[in-house]
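just the structure for this:
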Amino acid sequence: MSKTIFITGAGSGLGKGAAIGLAKKGHHVLAAVESAPQVTSLREEAESAGVELEVFKMDITNPQDVAQMLEYDFDIFVANAAINEGGPLAEVPMANFRKLFEVNVFSTLETAQIAARKFVEKGSGKIIFLSSMAGIMSTPYVGPYTATKHTIEAIAKTMRKEMESFGVQVATINPGAYATGFNDRSAEAKWKWFDDKIHFTDKKEMEQADAALEDQFDPQDMIDKMVEVIPMDSHPFRTAHPPETEQQMKEEEAKQWELDI
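Next up, the predicted model:
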């Protein structure tokens with residue numbers, strides 16, 4: 001059955017791929033993007049793909065933009081918009097850290113609250129938070145982003161229980177490392193402020209961590225999984241993909257109980 005699906009951060013990466021993929025499956029997709037140029041770009045891509053998308057600018061940190069959500073009726077809300085920046089937690093500039101939380105946590109929850117109220121009034125609906133393998137795992141020099149996604153996990157787990165009695169579903173999707181450019185941009189961002197003449201973190205260790213980004217998965221695989229899961233009436237609370245990432249996440253959680261300092 002066709003659903004109306006509202007997805008934020010649809011202007012790039014997995015969000016864009018999922019928006020187009022869901023439209024191809026016959027769903028009515030409300031594709032919110034961060035900037036005006038992304039509106040033009042996504043409309044052109046949708047036309048090339050032969051699908052209809054309702055595309056509009058909605059920067060989730062802009063109250064006037066976010067107010068647009070009130071105008072729409074939808075069945076599923078996908079909180080996908082996020083930014084990423086790496087760096088050592090002991091030295092990351094707090095302004096950078098706060099900005100990540102402003103987008104990935106505070107503004108994300110604000111949009112989810114609007115969706116939640118709509119769904120409570122209807123007596124049905126589903127909120128999906130785009131989390132990450134970083135919502136469970138912790139990797140050196142990815143701490144700022146990881147902290148926001150750990151928070152999203154806590155929000156989603158709590159909201160699942162709180163919204164259940166209203167007939168509203170809450171779930172997460174946790175992608176592994178996919179080559180959308182999102183992770184690469186994050187790795188590059190820290191070099192704008194990091195100076196080994198001032199900072200004590202080992203630059204070589206950070207460079208070695210960046211080198212691991214050469215081994216990332218094909219984004220289409222994750223997009224296909226999102227297109228499959230998002231419209232479903234019933235599925236697991238957490239969808240981690242690919243399977244090897246799911247296994248890594250489970251092993252990481254188990255190890256925390258055995259660690260010593």
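
buried residues in the helix of greatest length in the chain, which are they?
With secondary structure taken from DSSP state H, the chain has its longest helix at helix 143-163. By 16 or more other CB atoms under 10 Å, the buried positions in helix 143-163 come out as 143-153, 155-156, 159-160, 163. Bear in mind the C-beta positions are built from the backbone N, C-alpha and C, glycine included.

go on, stretch 232-243?
Using 16+ other CB under 10 Å as the test for burial, stretch 232-243 gives 235, 238, 239, 240, 241, 242.

what would those look like in JSON lines with distance to residue 82, pLDDT and secondary structure?
JSON lines is the format used below for the buried residues of stretch 232-243 (distance: CB to CB, whole Å; pLDDT from 0 to 100; DSSP: H, G, I helix; E, B strand; the rest coil):
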{"residue": "235", "distance to residue 82": "21", "pLDDT": "98", "secondary structure": "coil"}
{"residue": "238", "distance to residue 82": "17", "pLDDT": "98", "secondary structure": "strand"}
{"residue": "239", "distance to residue 82": "17", "pLDDT": "98", "secondary structure": "strand"}
{"residue": "240", "distance to residue 82": "17", "pLDDT": "97", "secondary structure": "strand"}
{"residue": "241", "distance to residue 82": "17", "pLDDT": "97", "secondary structure": "strand"}
{"residue": "242", "distance to residue 82": "20", "pLDDT": "96", "secondary structure": "coil"}
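
what sits up against the worst-scoring helix or strand of the chain on mean pLDDT?
Across the helices and strands of the chain, mean confidence by mean pLDDT, DSSP states H and E is lowest for helix 182-189: a mean of 90. When contacts are defined by CB atoms under 8 Å, 6 or more residues apart in numbering, helix 182-189 is touched by residues 12-13, 84-87, 96, 142, 145, 177, 209-210, 213, 216.

what about the longest strand in the chain?
Ranked by residue count and defined by DSSP state E, the top strand of the chain is strand 168-175.

buried set for the least confident helix or strand of the chain?
182, 183, 186, 187, 189.

now, which of the residues you listed sits nearest residue 121?
residue 182 (34.2 Å; CB to CB).

what about residue 155, distance to residue 107?
12 Å (CB to CB, to the nearest Å).

just the helices in the protein please.
Under DSSP H, the chain gives helices at 13-24, 36-49, 63-66, 94-101, 108-122, 143-163, 182-189, 203-211, 219-229, 243-255.

make a markdown table from those and add distance to residue 74 to it.
Output for those, formatted as a markdown table (distance: least, CB to CB, whole Å):
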| stretch | distance to residue 74 |
| --- | --- |
| helix 13-24 | 12 |
| helix 36-49 | 18 |
| helix 63-66 | 14 |
| helix 94-101 | 26 |
| helix 108-122 | 8 |
| helix 143-163 | 16 |
| helix 182-189 | 25 |
| helix 203-211 | 39 |
| helix 219-229 | 16 |
| helix 243-255 | 28 |
